[in-house]
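Asker: Have a look; sequence and predicted model below, questions after that.
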Amino acid sequence: MSNPVQFPKLLSSQIAFDTARTILDGFDKHYRLFRAASQLAKQHFEDADWGTAQIAARERIGFYDARVEECVAVLEDEYDESDLTDEVWREVKLHYIGLLTHHKQPELAETFFNSVCCKILHRTYFHNDFIFVRPAVSTEYLDTDEAQPTYRVYYPASDGVHYTIKRLITNFQLQRPFADLDRDVAQVERRIRQVFGHAPLEPNHQVQVLSNLFYRNKGAYMVGKIINGPHEHPFVVPILHNRHGELVLDAVLFDSKVLAILFSFTRAYFMVDMEVPSAYVQFLRSLLPNKPRSEIYTILGLQKLGKALFYRDFLRHLRHSSDHFEIAPGIRGLVMLVFALPSFPYVFKVIKDYFPAPKDTTKALVKEKYQLVKNHDRVGRMADTLEYSSVAFPRARFSDALLAELKQVAPSVVEEDGDEVIIRHLYIERRMMPLNIYLSNAEKNDDQVALEHGVVEYGNAIKELVAANIFPGDMLYKNFGVTRHKRVVFYDYDEIEYITDCNFRTIPQPHNEEEEMAAEPWYPVAKNDVFPEQFGTFLLGNQNVKKYFIKHHADLLTQQYWQQRKQHILEGHFDDVFPYPQECRFKTCL
């Protein structure tokens, strides 16, 4: 005889329901403010108010943590610890699931719930009885109301290509005139025909475009795809201001590599208004099938859920792999211990407890620098970092030597707990080939094309960082990485400064031979003084590297270049840093 089905008892705790309601109210407030900031991005773009847009994008990043802290404070003020028993917490989660039945952002609300719980509970409670280890509410087929669909559909076969493209643009109702919309539409149409030729149109031929524009830096981006039979072709149309303040269609982007760079982990988050973010993610995944959902949520500014999804993917990878963590390749740093799992395309960075000379910093200051980058416009040249607390790793995947080194250099954050290693604070970052290794390999293989490319990209990375008001500080090649698209990206942030906080100087002429031959500077040097003419001493020891550097980036060795860029920023100018190649742009927009 089979056992009778055991039904759960009726939920009976008023405290549990009120707690669930409080947490959901906290999330709803957060997402209401998040959407309001994203909606204002349209006005900032129309007004060309780049300073306000930058501030708004930076402030939006902090909304989530502020609402979590608010919610925790309310719960701690409302209830004693004895009120929130294990049984109550189990009911809180069940009530919360019920409240999400018709919610438009359930996956984000679950992550918010986890964040609040993890602030209140000890980490030993971080399991499925209390938090959402796996999603409980499906987002499949979740969409907006019919009046505001996630994407619009157009049929060029009936309306004509030119008219269809013009409708795509005008339906966004941008409150600023175009310089010559018909001209730009004709260029888009011409480029489409160049790419796709005159393929026969299938019965389902259509264009799908996300209903809201994506805003970032000084651009607005229309994102969509062309469907013809079984084929789907993603495209993005950037909309910019020209020098007269009029709007122009700057390009139409089809190439998958270009789109991957546009939606890269090295750029700050898009501002886009989404009632149902999961529907936007689903649409973008059809355009970028190789990007995980975690990364797509992150580039949409929903980085907390991106972190949660990334961690779930990491745990899944651990279950289906058997290799061991090891020290990451490259020159070891003085501030971080960096280790990696060979089969996993990320590195794990732990701040050391003590820093040997010549490093003059603190753990708190290093964290500040990483937070600065998190909040800043990364212009495609700084890697995004995922910051975690109390991460449990399987002890069996660590060699004794690696674990001993972690305990030696960072004893305050590393703990063994049974069959787990707990790291109380770390950063996770996309793994790249260090630029010094890339250049060394190119030199070893006598690959002058790769060598020149690496040097050109290195200088371009620095110049685009300068445009974003960032001075890297430590400009050694080991602090830059090469991505799979062969772009050079900066990833070591403990010495970065704002360009506007630096004092760029020339070395004074010595007064006598004794000063000229002195081992130490004979002139006063303040903390933020920078002497660009000295860069060559530690960057240009290799003659081939020096040849290409002088050819393409000799200006980086002059005080005048840096001081002019600093003054440019201080005068309130915001430079264009394009997330796509110049050759993609329409000639009329150059």
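Answerer: Alright, I've got the coordinates.
Asker: C-alpha from now on. contacts and neighbour counts both.
Answerer: Will do.
Asker: Now for this structure, the helix or strand with the poorest mean pLDDT.
Answerer: Of all helical and strand segments in the chain, the minimum by mean pLDDT, DSSP states H and E falls on helix 513-516, at a mean of 73.
Asker: ok, the next helix or strand after that one: who's next to it in the sheet?
Answerer: Counting by DSSP states H and E, the element after helix 513-516 in chain order, helix or strand, is strand 529-530. Using DSSP bridges, strand 529-530 pairs in its sheet with strand 503-504 (parallel).
Asker: quick one: the strand it pairs with to chain centroid distance?
Answerer: Relative to the centre of its chain, strand 503-504 is centred 30 Å away, using Cα atoms, centre = their mean, to the nearest Å.
Asker: Low-confidence stretches in this structure?
Answerer: The chain contains residues with pLDDT under 70 at 1-12, 122-129, 144-147, 515, 590.
Asker: gap between the two ends of stretch 201-210?
Answerer: 22 Å (Cα to Cα, to the nearest Å).
Asker: list the contacts for P581?
Answerer: Listed by Cα atoms under 8 Å, 6 or more residues apart in numbering, the contact set of P581 reads V258.
Asker: Could you do P156 as well?
Answerer: By Cα under 8 Å, 6+ apart, the residues touching P156 are 163-164, 205-207.
Asker: The same query, at a cut-off of 6 Å, please.
Answerer: The neighbours of P156, taking Cα atoms under 6 Å, 6 or more residues apart in numbering as the test, are T164.
Asker: Residue numbering should commence at 94 henceforth.
Answerer: Got it, first residue is 94 now, which makes that one P249.
Asker: separation between the nearest residue to D470 once chain neighbours are set aside and R309?
Answerer: Closest residue in space to D470, ignoring its immediate chain neighbours: A361 at 5.2 Å, by Cα to Cα, 6 or more residues apart in numbering. Noted for A361: a distance of 8 Å to R309, by Cα to Cα.
Asker: quick one: which of the two has more around it?
Answerer: Each of A361 and R309 has its neighbours counted (other Cα atoms under 10 Å); A361 has more, 27 against 22.
Asker: isn't there a helix covering that one?
Answerer: No. In this structure, A361 is coil, not part of a helix, as judged by DSSP: H, G, I helix; E, B strand; the rest coil.
Asker: That one is in contact with R471, isn't it?
Answerer: Yes. Using Cα atoms under 6 Å, A361 is in contact with R471, at 5.5 Å.
Asker: what's next to stretch 124-134, contact-wise?
Answerer: 364-366.
Asker: Counting neighbours, which of these comes out on top?
Answerer: M364 (28 neighbours).
Asker: isn't that residue right up against Y308?
Answerer: Yes. Between M364 and Y308 there is a contact under Cα under 6 Å: 5.0 Å.
Asker: Next, the residues that contact stretch 483-500 from outside, please.
Answerer: With Cα under 6 Å, 6+ apart as the test, stretch 483-500 has contacts from 417-418, 507, 512-517.
Asker: I'd like those as JSON lines, with distance to I354, neighbour count and secondary structure appended.
Answerer: Output for these, formatted as JSON lines (distance: Cα to Cα, whole Å; neighbours: other Cα atoms under 10 Å; DSSP: H, G, I helix; E, B strand; the rest coil):
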{"residue": "H417", "distance to I354": "31", "neighbour count": "17", "secondary structure": "coil"}
{"residue": "F418", "distance to I354": "29", "neighbour count": "21", "secondary structure": "coil"}
{"residue": "V507", "distance to I354": "36", "neighbour count": "21", "secondary structure": "strand"}
{"residue": "D512", "distance to I354": "40", "neighbour count": "11", "secondary structure": "coil"}
{"residue": "E513", "distance to I354": "37", "neighbour count": "16", "secondary structure": "strand"}
{"residue": "V514", "distance to I354": "35", "neighbour count": "20", "secondary structure": "strand"}
{"residue": "I515", "distance to I354": "34", "neighbour count": "19", "secondary structure": "strand"}
{"residue": "I516", "distance to I354": "32", "neighbour count": "21", "secondary structure": "strand"}
{"residue": "R517", "distance to I354": "32", "neighbour count": "15", "secondary structure": "strand"}
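Asker: TSV please, covering these and showing distance to M526.
Answerer: Putting the contacts of stretch 483-500 into TSV (distance: Cα to Cα, whole Å) gives the following:
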residue	distance to M526
H417	19
F418	17
V507	27
D512	32
E513	29
V514	27
I515	27
I516	25
R517	27
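Asker: Please parse this protein into its domains.
Answerer: 107-218, 244-410, 414-524, 528-650 (automatic domain parsing).
Asker: Could you give the separation of the second one from the chain centroid?
Answerer: Going back to what we said before, that points to domain 244-410. For domain 244-410 - counting by Cα atoms, centre = their mean - the centre lies 18 Å from the chain centre.
Asker: so how far is the first residue of that domain from its last?
Answerer: Terminal-residue distance, domain 244-410 (Cα to Cα): 33 Å.
Asker: Kindly report the same for the last one.
Answerer: The stretch domain 528-650 measures 19 Å between its terminal residues, going by Cα to Cα.
Asker: What helix or strand is Y641 located in?
Answerer: Assigned by DSSP H and E, Y641 falls in helix 636-646.
Asker: Where do the helices of the stretch 444-593 of the chain begin and end?
Answerer: Per DSSP state H, counting those that start in this stretch, the stretch 444-593 of the chain carries helices over the ranges 456-468, 493-502, 528-537, 541-560.
Asker: and the longest one, what does it pack onto?
Answerer: This means helix 541-560. In terms of contacts (3 or more Cα pairs under 6 Å, 6 or more residues apart in numbering; DSSP states H and E), helix 541-560 is packed against helix 528-537.
Asker: List the contacts of the helix it packs on.
Answerer: 543-544, 570-571, 573-575.
Asker: For that helix, buried residues please.
Answerer: Buried residues in helix 528-537, defined by neighbour count with 16 or more other Cα atoms under 10 Å: 528-532, 535-536.
Asker: now those in JSON lines, with distance to V230?
Answerer: Shown next, in JSON lines, are these (distance: Cα to Cα, whole Å):
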{"residue": "L528", "distance to V230": "44"}
{"residue": "N529", "distance to V230": "47"}
{"residue": "I530", "distance to V230": "46"}
{"residue": "Y531", "distance to V230": "45"}
{"residue": "L532", "distance to V230": "49"}
{"residue": "A535", "distance to V230": "50"}
{"residue": "E536", "distance to V230": "54"}
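Asker: before we move on, the earlier item: nearest to V345, out of the helices of the stretch 444-593 of the chain?
Answerer: For the helices of the stretch 444-593 of the chain, proximity to V345 was assessed by Cα to Cα; helix 541-560 is nearest, at 22.6 Å.
Asker: I am finished for the moment; much appreciated.
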